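Participant: the amino acid sequence is not available; the structure is as follows:
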């Protein structure tokens, strides 16, 4: 992103938020050195932004305060424009339970699910029974944290004896969802400026589109456009746009869907800060729509600058 902005004549300050005492590993240090990233602790961010007289913050933070509305609210208070969705849409996008309920209220299909609350488990007031989960949801099923992204903490459970370990892993990050595993094509819709750009079908070489599959070149096959009947592809694009609008998203988003053999479309989630790496889906979708990476970056920036 920063290279693209510099190519287009913008002055760019590459900045990353680091908690006090954070010690980056060898790979992180290598990337920071190569990109000349300036590390800033959160408590000094306001001072840093004011000192540098920032015109707009191009957000590329993933997970936590970067995507859940916190940094967006912080920038709103400072009166500094930023890219992507606002506070509420960002918060809803990171909350898989809230977004599911909104999708359902809009008449969209979501996989059957149950919620497991970590607080009750920690207090010894177990809120779930493994047999009940399997009876209600069936196998295979998916276990995932409610407030994480990039497939962090996600497990696919094929056998009953795997369920408890999967729940423990997901609850490392807070409350979790247990949902029915939907067999079908995994399709992602790119949305920009309130219009669907297109879609991509992903075929990971691993069991599912995991964190490793998302960020490791060669581990996923990308099909653009998805191998779907034209009428179903149009429904996929409409569904993706509706998900984007239901959460109140702005700028760019990526909507994750499953299309079954029966041509049913299930909504999984909306990513309000889509990845912008060489393996990321939004740039691939944009390119297929005739939009270069530089054009995509500029359009996202312009949308941020236009915010009221």
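Facilitator: Perfect, I can see it now. Because the structure is predicted, anything quoted here is derived from the model rather than measured.

Participant: now the helices for this structure?
Facilitator: 2-7, 26-35, 45-52, 70-78, 87-94, 96-105, 118-122, 130-137, 163-170, 211-215, 230-246, 281-288, 293-305 (DSSP state H).

Participant: reformat those as TSV; add mean neighbour count and mean pLDDT.
Facilitator: All C-beta spots, glycine's among them, are computed from the backbone N, C-alpha and C. TSV is the format used below for the helices of the chain (neighbours: other Cβ atoms under 10 Å; pLDDT from 0 to 100):
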stretch	mean neighbour count	mean pLDDT
helix 2-7	15	94
helix 26-35	11	63
helix 45-52	13	90
helix 70-78	18	95
helix 87-94	22	96
helix 96-105	18	97
helix 118-122	13	70
helix 130-137	14	93
helix 163-170	18	93
helix 211-215	16	62
helix 230-246	18	98
helix 281-288	21	96
helix 293-305	18	95
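
Participant: show me the one of these that comes nearest residue 198.
Facilitator: helix 281-288 (4.8 Å; Cβ to Cβ).

Participant: now the closest one against helix 293-305, angle please.
Facilitator: 110 degrees (axes from the mean of the first three to the mean of the last three Cα atoms, to 10 degrees).

Participant: which residues touch helix 281-288?
Facilitator: Contacts to helix 281-288, defined as Cβ atoms under 8 Å, 6 or more residues apart in numbering, come from residues 188-190, 192, 197-200, 202, 222, 224-225, 252, 254, 274-276, 292-293, 295-296.

Participant: can you flag the buried ones in those residues?
Facilitator: 188-190, 192, 197-200, 202, 225, 252, 254, 274-276, 293, 296 (16 or more other Cβ atoms under 10 Å).

Participant: how about the nearest residue to residue 110 once chain neighbours are set aside, what does it touch?
Facilitator: In this structure, residue 110 finds its nearest non-sequential neighbour in residue 100, 4.8 Å apart by Cβ to Cβ, 6 or more residues apart in numbering. Contacts for residue 100 (Cβ under 8 Å, 6+ apart) come out as 110, 113, 177, 267.

Participant: could you check how far residue 184 is from residue 169?
Facilitator: 25 Å (Cβ to Cβ, to the nearest Å).

Participant: buried sites along stretch 15-25?
Facilitator: For stretch 15-25, a neighbour-count test (16+ other Cβ under 10 Å) marks 15-18 as buried.

Participant: other residues contacting that stretch?
Facilitator: With contact meaning Cβ under 8 Å, 6+ apart, stretch 15-25 is reached by 32, 37-43, 45, 48, 61, 65-66, 71.

Participant: now these in TSV, with distance to residue 302?
Facilitator: Formatted as TSV, the contacts of stretch 15-25 follow (distance: Cβ to Cβ, whole Å):
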residue	distance to residue 302
32	28
37	24
38	25
39	28
40	25
41	30
42	28
43	31
45	24
48	24
61	20
65	25
66	21
71	20
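
Participant: returning to that earlier point: out of the helices of the chain, flag the one nearest residue 147.
Facilitator: Closest among the helices of the chain, using Cβ to Cβ: helix 87-94, at 5.6 Å.

Participant: so that closest one versus helix 230-246, what angle?
Facilitator: Using the same axes, to 10 degrees: helix 87-94 against helix 230-246 is 130 degrees.

Participant: show me what helix 87-94 is packed against.
Facilitator: Packing contacts for helix 87-94, counted by 3 or more Cβ pairs under 8 Å, 6 or more residues apart in numbering; DSSP states H and E, involve helix 70-78, helix 96-105, strand 265-271.

Participant: mind putting these into TSV with distance to residue 238?
Facilitator: What follows is those, written out as TSV (distance: least, Cβ to Cβ, whole Å):
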stretch	distance to residue 238
helix 70-78	27
helix 96-105	14
strand 265-271	9
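
Participant: for residue 130, find the nearest of these.
Facilitator: Nearest of these to residue 130, taken as Cβ to Cβ: helix 96-105 at 20.3 Å.

Participant: quick one: distance of that closest one to the chain centre.
Facilitator: Averaging C-alpha positions (Cα atoms, centre = their mean, to the nearest Å) puts helix 96-105 15 Å from its chain's average.

Participant: re earlier: can you select the buried ones among the contacts of residue 100 for me in ChimeraX?
Facilitator: Burial among the contacts of residue 100 is assessed by 16+ other Cβ under 10 Å; the matching ChimeraX selection reads:
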select :110,113,177,267
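
Participant: now, the most widely separated pair of the contacts of residue 100?
Facilitator: Pairwise distances across the contacts of residue 100 (Cβ to Cβ) peak at 13.5 Å, for the pair 177 and 267.
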